[in-house]
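> Next input, structure requested:
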Amino acid sequence: MAKKTKNFSRRDFLKTSGVATGALIGGSLLGGLIGYNANNSKTSPKDTKSGEHKQEAALNKGRMFFTNDREFQVLANATERIFPKDDLGPGAIDLGVPYFIDNQLAGQYGSNSKEYMQGPFASGAPTQGYQSNLTRAEIFKQGVAKLETEAQTRFKNGFSKIEAEQMDEILTAFQKDEVPMKGVSSAFFFRLLRAATLEGAYADPIYNGNNNMDGWRMKGFPGHQAAYINVIESDEFQKIEPKSIGSMH
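I've put the predicted structure just below:
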């Protein structure tokens, strides 16, 4: 019997999963955030077509951690499969998520400089949080390399050159902890990647993600408004143009 394909939208997933309210998600995410791309398209940074506002925003972007083009493209395509472009709006690449993650890895997030990083480093339960002796920068570096290795092993091609469904297969294997990694589980790397992707899509644009505040626009989030005094007494729903911290004076 032919396998039926469900055509869920990102909105359907966010409504039923709890992502929209910041809740933790149990079970499989693939087939939720990953895979339900309306156009089932695969995009890399060099393929992305940007409007004038995105070209302008890109002038202030730069890589600070992934200096190798192939590694950065692997990261970019992995985030796009987690947060794909669809009929509701841009995906991770158009939102600048790869640059957000790259810049964060070059800073205190990547070095874990504000966290306790001394032993012992026994394997903990998922509820116990960060347990690895590796920094996030080291985990992402290894994880991106493993994504590339898995693509070469399974499909004899680079991760950025394989089909979208093949990318999903590899990311699913990471999520299920089926890919061996040193000092950390592949499932933990996947959780870091997924969380960083969502953070980049919805963070304030001053951190080089959420280009043009389009992530906020998809949710109707107003961003950082100085005041609501002009609309606070209105009984009607207010659609407010979002503002970034960087735009406030």
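
> going forward, measure contacts between C-alpha atoms and count neighbours the same way
Noted.

> Where in this structure is the helix or strand with the lowest mean pLDDT?
The least trusted helix or strand in the chain, going by mean pLDDT, DSSP states H and E, turns out to be helix 52-58, with a mean of 43.

> which is the next helix or strand following it?
Downstream of helix 52-58, the next assigned helix or strand under DSSP states H and E is helix 69-82.

> Just the CA atoms of that following helix, as PDB, please.
What follows is helix 69-82, C-alpha atoms only, in PDB (Å, rounded to 0.1, in the frame of the first residue of the first chain):
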ATOM      1  CA  ASP A  69      32.500  27.500   4.000                       C
ATOM      2  CA  ARG A  70      31.600  23.800   3.900                       C
ATOM      3  CA  GLU A  71      31.100  23.600   7.600                       C
ATOM      4  CA  PHE A  72      28.900  26.700   7.600                       C
ATOM      5  CA  GLN A  73      26.800  25.400   4.800                       C
ATOM      6  CA  VAL A  74      26.300  22.100   6.600                       C
ATOM      7  CA  LEU A  75      25.100  24.100   9.700                       C
ATOM      8  CA  ALA A  76      22.800  26.300   7.500                       C
ATOM      9  CA  ASN A  77      21.100  23.400   5.800                       C
ATOM     10  CA  ALA A  78      20.600  21.500   9.000                       C
ATOM     11  CA  THR A  79      18.900  24.500  10.600                       C
ATOM     12  CA  GLU A  80      16.700  24.900   7.400                       C
ATOM     13  CA  ARG A  81      15.500  21.400   7.800                       C
ATOM     14  CA  ILE A  82      14.500  22.100  11.400                       C
END
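
> Give the other helices and strands that that helix contacts.
Here helix 69-82 touches helix 97-105, helix 136-155, helix 164-175, helix 186-202, going by 3 or more C-alpha pairs under 8 Å, 6 or more residues apart in numbering; DSSP states H and E.

> For Ala78, find the nearest of those helices.
helix 164-175 (7.4 Å; C-alpha to C-alpha).

> Now do the buried residues in the closest one.
164, 167-175 (16 or more other C-alpha atoms under 10 Å).

> coming back round to it: including distance to Ile232 and mean pLDDT, could the helices and strands packed on helix 69-82 go into TSV?
Converted to TSV, those look like this (distance: least, C-alpha to C-alpha, whole Å; pLDDT from 0 to 100):
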stretch	distance to Ile232	mean pLDDT
helix 97-105	33	97
helix 136-155	42	98
helix 164-175	44	98
helix 186-202	24	97
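
> pLDDT score for Phe13?
Model confidence at Phe13, given as pLDDT, is 48.

> I meant Lys156, not that one.
At Lys156, the model reports a pLDDT of 98.

> which residues touch the spatially most central residue of the chain?
Nearest to the geometric centre of the chain sits Thr197, at 1.4 Å (C-alpha atoms, centre = their mean). Each residue near Thr197 by C-alpha atoms under 8 Å, 6 or more residues apart in numbering is listed here: 79, 82-83, 92, 97-98, 101.
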